[in-house]
Structure formats: structure tokens, C-alpha cells
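Novice: Below is the structure, and that's it, no one-letter string:
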């Protein structure tokens, strides 16, 4: 079984509004899957359907080869974007309550919680009420109650919001460790740098439709434009640029170099290879800079969404 | 442990451990009993003050016999003085007031020319008691003038007391009617209070989960319906515990306080009712013994079963609606527009119950309202002690059950959509739309 979660042709409407239009997604086992999309695209609707909070109008979902069933809530951990805990309940009691709702026995729950509270060094909070904690502290508790029942599937919606950079780093490390221990992670965020850092696969939803899905590296390859940033020390810059324009597509440079000299973005055209470009450049001067422009998640997001509209 | 049990447990303890719950549980019976005794004590003290009333009888009709001293009223005869002298003397002395009976040619003239003077306005009770004395003396004089023998007249007075029977041969009395009204009214009123207090408590707890945003975490583990049900049952258990504690504390306090103040209920009654009426009551009922006998005659088992049924039915019916209201709004101030239609049938039930059931337990209005499901829990509970035909009970129970199932379904629909909706205050139109959402 390669995919932990298979989402097939999900349709969901609210009254007249179609929130999800025939969406299919495949989340490979043991991956970090970035579920991306602009605000209001339908990500939360999809996440709620996976969590069985709402039911789809049509379509099917399988988890680990089985059709999604209420008993599966014990195999899913969900950290919603809108965090919340009972404010006047004690941290420990609350964590125990949520653990039991996920099907853990009292003994098991206590054991797991002890492990996590010690790991995050927050055992002293056990008898504090949530309202006595800072926002960041409460977020840590919330993270623990999401992962403590060792779910096969973890869904994090904007997991880093509310964390300072140090704690965000800590959480990112934990997420990757959970993946290495065998969990599959769906990760929804607007912070594209964290997508670059964490995700192996991505799916992009826009206006209720899935417009992009696959391995992040494959998508990057698909979105590459064969454009190179070129920096050259040369005496006859004008002539070189003129020559390049006849053979390649040349645009203004958008990068900086330490040296003065020629700076250009050069896109390969039909029949050219990177080596052709490089050998020409070396013949004309000293090559200081030669980098392929690889689209990052941010570029892909913007391009795909713009193309869709 | 099933998830429903886990939720019920949490809701129960969240409610019970709440400081305001603890304070309310232990303080309000103290307050209730305390205020009750304070009122009793103060009114007793108030009555204990002796009133000195002067009477000036120039008609010669009245005698010392008419103005006998009582525990709290003392009379002084100033009939020897002139009106002016008496008045100035009374004014200087420490008197409550002065009754002036002038000399007149006929009793008819006299009755409309008697006057009372006082510095502060006299109590209605004092004046009424004086009027009664005057009336009875004048009546006797008139009868004498007409040549009617008073003892003949006395012997012609009868006191009718109709014995009540039903066709199966059980005897009852007016007292049992009062007991029935009392039992019915208490259960109906109790149900209304319970629904309002704990229904709104369910609503508040739903709103709390919404505003603290924990709701999405919870419903990713359990079904919204389970959560709603757990909340309703948990709050009801806390409520029953609270009522139980109240009952125990009030009983204990009443016993302690009454022995401490040396007051028993009969005496408390007597001070209100007046000695003459008290005599009648004492004659007709040999106290607690008869009360107990009458209570035993009530259909206790049926009442108990129906009480449980209507209590649970009514509470679940209403509190599921309260849960739906809580889910539909973001904060408590937005609840008002939805609260009114819920409170209306409750209050109507109690009013109709008090207004019609007491006069005519089997009348058309009480019958209809005891069948309509939204008012039936209250009105039927009030009717039950009087005996209700089994088919009416059956119709009423069946309708309540059907409505209950429908209401819970309806509330659950609104609830599961509402808990995840934030921002705009929903209109009734929105709620209707939510009903049509699938799953």
C-alpha cells in the first residue's frame, strides 16, 4: 500500500456554494504532504471531511486501504487552524480528557502525556489552568494533544502560527521526527518557506478545484523554465549581450553580484543546452555566476493560481 | 468507557467544580431560609407592638364588652370626656388613634358618622377589625329592635361542608383538592425552573466551546450529536445534584431554625389566618394526620412515573433547543432573539397551569395545553394529581415523544453546522438553510 490516504472525486456544497469540486488527492505513506491554496479555496472543507467532521456530498476516501469509518478518528490527529482548549480546565485533566476521546485508556494516556510533557519540559504546567498559560505555551499543549495517540495520519493546519522562531523550529523538528517514525503528515500553510523546508509532496487547491498535485521536486522540474542567472566579467559587455539576444531569450537580471560586469537572466531556447550557453560565456570573459533559476514553492503557488484565474 | 460517558463526566465535573455552582448550591438555600425567617421575624416583631386605641362613645350603644383588650390591641374608654377634650388628650398621649362614635337619632345615621382620628394613617387591619365590631353590635341592636330573639337566630345558622366522592367510591375533601393543586403546581413550576436554569447552562457551555475554539478538536474525535447529548445529560446530572442538595439543606435548616426560634408551622399559619379561621381548620383537619392520609390517596406511583417521563421529556426537548441556539451564535448577547420563542411556551405553560388547572383540571383549555407537546410537560404534571383519562395521557406522551425526537434531530442539525460557523449572527433564514445541509 503506497498511499495512506486516497481521496477520490470529493464534492461538497453548502447550499448554493460549491466548496469542493471533484477533488482527488493521494497522500503517500510516510510523507509530508503540503496542502496549499489561497484563502477560501476549500482546504478547510477538505480537512474537515477527512476528519469526518462533515460528510462529502459524493466521492470516497480510504485510509490505509479501508473506507473511512468513524473508528478511524483514533488514527487521525488534527491541529485546527483555530486553536482552542477549555480555558478554565487544568492542563493535565484536559489532555487526559482529549486522550480518552481519542480512545486511549487512562493508563496509556498518562504514560504518553508524561513522555511528551517531559520532552517539552512542561511537566510543571500539569495542574495549571489554560488561562494561566501564554499563547505559545498553550500551543505546545495543543501540539501534544494532537500527536499523543500516535496517529497514522496527522493533519496540521498552520502549525507554526503563534510560535516564536525557536519554538517553531522545535515543532518543525518534531514533525519531521514523527514522519520518520512512520506517521503521514498533511500540512496546510501559507508560509511557503516552511513548505520548502518540510514537504515532500504538495497539492494545490484553488477555487474548489485541485489544480496541482505531486512530488515537490517533480513539480519544480515541471515549472522550470531553463533560465539561468549569468554573471560575466567582460570588456565588451554590449557586444556580448547583443550576441546572446540573437541566440537566447534574455531578460533583465534580478540578482546582485559583488563585481561590476554583465548581469543577465538567460533562458535557453529550442535547440540550445546549458553547455552551449556556458561555453559561449567562457569564451567571452570570466564567468562569475551561473545558476539555474529553480522555481520555489512560492513561485509555483503564484504561477499556478494566476494561471487558474 | 464509552465516549458519551467520558463527555458526560467532563461536563458534570466542569459544572460542579465551577465556583459559582458551589456558591449557588450552598448559599442560596441559606439565603432562602434566612430571608424567609427574617420576613417572619420582622412581621412578628411588627405585630408585637401594642396599639393603644381610645374610644369615645357618645351614643351609649357600645360597652366594654365590645372593646375587649387583645394581645396587641388595648382599648381605653374616654366616653366621659367631650369630643374636644378627648381629642386633645389623645393627641398629647402615646395613643395609636381615637375612635369617635357620636350620638345620633337612628342606627342608620350613626353607622355613617363614626370617625377615627390618628396622627399616622392607621393600618387597614385595625380599621377593618373596628368596623367588624361596630357592624356586629349595630346588627344585634337592630335585630333586638325588630324583636328577633338572638339565640333563635344563632340556631338557624348552618355550616355546609359537602363531602366529595368519585364513582369508584373514594372519598376526598376540599383539603385533598388543595394538596393536589399544591403537588401539581410544585412539580410544574419545578420543571420550568429546571429547564430554564439548566437549559441556559447547556447553551452557555456550547457558546464557551465555540468561543474558546476547542469545538473543532472535539468534533474531530466524537460526533457532534454525542457531544450535544453528553452536554445535556451532564448538565442535568449536575442540576439534579444541586436540587437534591438544596432539598436536604432547606429541610435541615428549616428544622433547625424553627426549633431555634420556637416556631412551628401551625403557629406561623395562625398568625396569618387569624384565630377564628384557625379554629375551623383545626376542626376540619386533625393536622398532619389527615394531610398524610390525603397524600396517600393520591395516585403516587402513576404520578412518580409521569413526573419522570415529563421531566425528562420536557428537559431534553428544551435543552436540545438551547444547545442549538448556543451553537448558532458566537456570544451570549446574540441569543436573545432566539430565546423568546423558547421561553414563551414555558411561561405560557405555567400561567395556563395556574390559571385553568386549579379552577377546572379537566376543562378544555387545560386539556388542550396538556396535549400540546411544548406545554404538556408542565400542564400535564399539574393535572395528573386530579386524575386524567388514560387516553389523554397516552396522546400527550406520544406527541411529546414524537416532538422530542423531531426536536433533537432538528437541534442536532443546527448544532453540527452552527458550531463551526463564526462571524455573522445568523438569521432564521440561515438556520433554515443549515437544516438542508448534508452531514
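Specialist: All right, it came through fine. Note that this is a predicted model, so its numbers are computed, not measured.
Novice: can we go C-alpha only for contacts and neighbour counts from here?
Specialist: Will do.
Novice: contacting residues around residue 95?
Specialist: Using chain A here. A:113, A:141, A:145 (C-alpha atoms under 8 Å, 6 or more residues apart in numbering or on different chains).
Novice: think we crossed wires, I meant chain B
Specialist: Counting by C-alpha under 8 Å, 6+ apart, residue B:95 has contacts B:51, B:52, B:53, B:54.
Novice: do the same with residue A:209
Specialist: So residue A:209 contacts A:20, A:21, A:22, A:23, A:41 (C-alpha under 8 Å, 6+ apart).
Novice: need the longest strand for chain B.
Specialist: When chain B is parsed with DSSP state E, its longest strand is strand B:51-57.
Novice: now residue B:219: how far from chain A?
Specialist: To chain A, residue B:219 is 6 Å away according to C-alpha to the nearest C-alpha, to the nearest Å.
Novice: same check, this time on residue B:303
Specialist: From residue B:303 to chain A the distance is 39 Å (C-alpha to the nearest C-alpha).
Novice: now swap in residue B:424 and tell me
Specialist: 16 Å.
Novice: repeat for residue B:112
Specialist: From residue B:112 to chain A the distance is 73 Å (C-alpha to the nearest C-alpha).
Novice: so where do the helices sit in the stretch 251-400 of chain B?
Specialist: Here the stretch 251-400 of chain B has its helices, by DSSP state H, counting those that start in this stretch, at B:265-273, B:275-284, B:288-297, B:300-328, B:336-352, B:364-369, B:376-383, B:390-418.
Novice: Go through these and pick out the most buried.
Specialist: helix B:376-383 (a mean of 31; mean count of other C-alpha atoms under 10 Å in any protein chain shown).
Novice: For it, name the packing helices and strands.
Specialist: helix B:174-211, helix B:300-328, helix B:336-352, helix B:364-369 (3 or more C-alpha pairs under 8 Å, 6 or more residues apart in numbering or on different chains; DSSP states H and E).
Novice: In a markdown table, list those along with distance to residue B:256 and mean pLDDT.
Specialist: Converted to a markdown table, the helices and strands packed on helix B:376-383 look like this (distance: least, C-alpha to C-alpha, whole Å; pLDDT from 0 to 100):
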| stretch | distance to residue B:256 | mean pLDDT |
| --- | --- | --- |
| helix B:174-211 | 24 | 84 |
| helix B:300-328 | 29 | 86 |
| helix B:336-352 | 33 | 87 |
| helix B:364-369 | 40 | 86 |
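Novice: Compare the ones you listed and give me the one nearest residue A:261.
Specialist: helix B:174-211 (59.8 Å; C-alpha to C-alpha).
Novice: how many degrees apart are the closest one and helix B:390-418 in direction?
Specialist: Between helix B:174-211 and helix B:390-418, the angle comes out at 10 degrees (axes from the mean of the first three to the mean of the last three C-alpha atoms, to 10 degrees).
Novice: Which secondary structure elements does helix B:174-211 sit against?
Specialist: helix B:224-261, helix B:288-297, helix B:300-328, helix B:336-352, helix B:376-383.
Novice: Can you list the buried residues in that helix?
Specialist: Within helix B:174-211, the residues scored as buried using 16 or more other C-alpha atoms under 10 Å in any protein chain shown are B:176-177, B:179-181, B:183-185, B:187-189, B:191-192, B:194-196, B:198-211.
Novice: Could you tell me the model confidence score at residue 13?
Specialist: By default, I'm working from chain A. Looking at residue A:13, its pLDDT reads 88.
Novice: please go with chain B instead
Specialist: 92.
Novice: same question, residue B:166
Specialist: 69.
Novice: Which single residue of chain A approaches chain B most closely?
Specialist: Nearest to chain B, among the residues of chain A, is residue A:84, at 4.1 Å (C-alpha to the nearest C-alpha).
Novice: Distance from the longest strand of chain B to the middle of the chain?
Specialist: Taking C-alpha atoms, centre = their mean, to the nearest Å, one finds the center of strand B:51-57 at 40 Å from the center of the full chain.
Novice: circling back to that earlier point, can you list the helices and strands packed on helix B:376-383 in TSV and add distance to residue B:137?
Specialist: TSV is the format used below for the helices and strands packed on helix B:376-383 (distance: least, C-alpha to C-alpha, whole Å):
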stretch	distance to residue B:137
helix B:174-211	33
helix B:300-328	51
helix B:336-352	44
helix B:364-369	47
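Novice: What score does residue B:388 have for pLDDT?
Specialist: Model confidence at residue B:388, given as pLDDT, is 82.
Novice: For it, give me phi and psi.
Specialist: phi -130, psi 140 (degrees, to the nearest 10).
Novice: Can you report how many residues lie near the closest residue to it other than its chain neighbours?
Specialist: Take residue B:388 and drop its neighbours on the chain: the residue closest to it by C-alpha to C-alpha, 6 or more residues apart in numbering or on different chains is residue B:362, 7.5 Å away. Around residue B:362 there are 18 other residues, counting by other C-alpha atoms under 10 Å in any protein chain shown.
Novice: Let me know the pLDDT of residue B:362.
Specialist: 82.
Novice: Then residue A:24?
Specialist: pLDDT, residue A:24: 93.
Novice: Please apply the same query to the one 3 residues further on.
Specialist: According to the predicted model, the pLDDT of residue A:27 comes to 94.
Novice: so who does the spatially most central residue of chain A touch?
Specialist: In chain A, the C-alpha nearest the mean C-alpha coordinate belongs to residue A:34, at 3.1 Å (C-alpha atoms, centre = their mean). For residue A:34, the contacting residues are A:186, A:187, A:188, A:189, A:195, A:199, A:200, A:201, A:202, A:203, by C-alpha under 8 Å, 6+ apart.
Novice: pretty sure the last one is touching residue A:216, no?
Specialist: In other words, residue A:203. No - using C-alpha atoms under 8 Å, residue A:203 makes no contact with residue A:216, being 9.1 Å away.
Novice: what residue ranges in the chain score low on pLDDT?
Specialist: Picking chain A for this. A:1 (pLDDT under 70).
Novice: wrong one, chain B
Specialist: Using pLDDT under 70, chain B drops low at B:1, B:166-175, B:257, B:260-298, B:423, B:438-439.
Novice: In contact with residue A:2, which residues?
Specialist: Contacts of residue A:2 (C-alpha under 8 Å, 6+ apart): A:28, A:29.
Novice: Domain boundaries for chain B, per the record?
Specialist: B:3-34+B:173-436, B:50-148 (automatic domain parsing).
Novice: if we can go back for a sec, could you pull out the buried residues of the longest strand of chain B?
Specialist: B:51, B:52, B:53, B:54, B:55, B:56, B:57.
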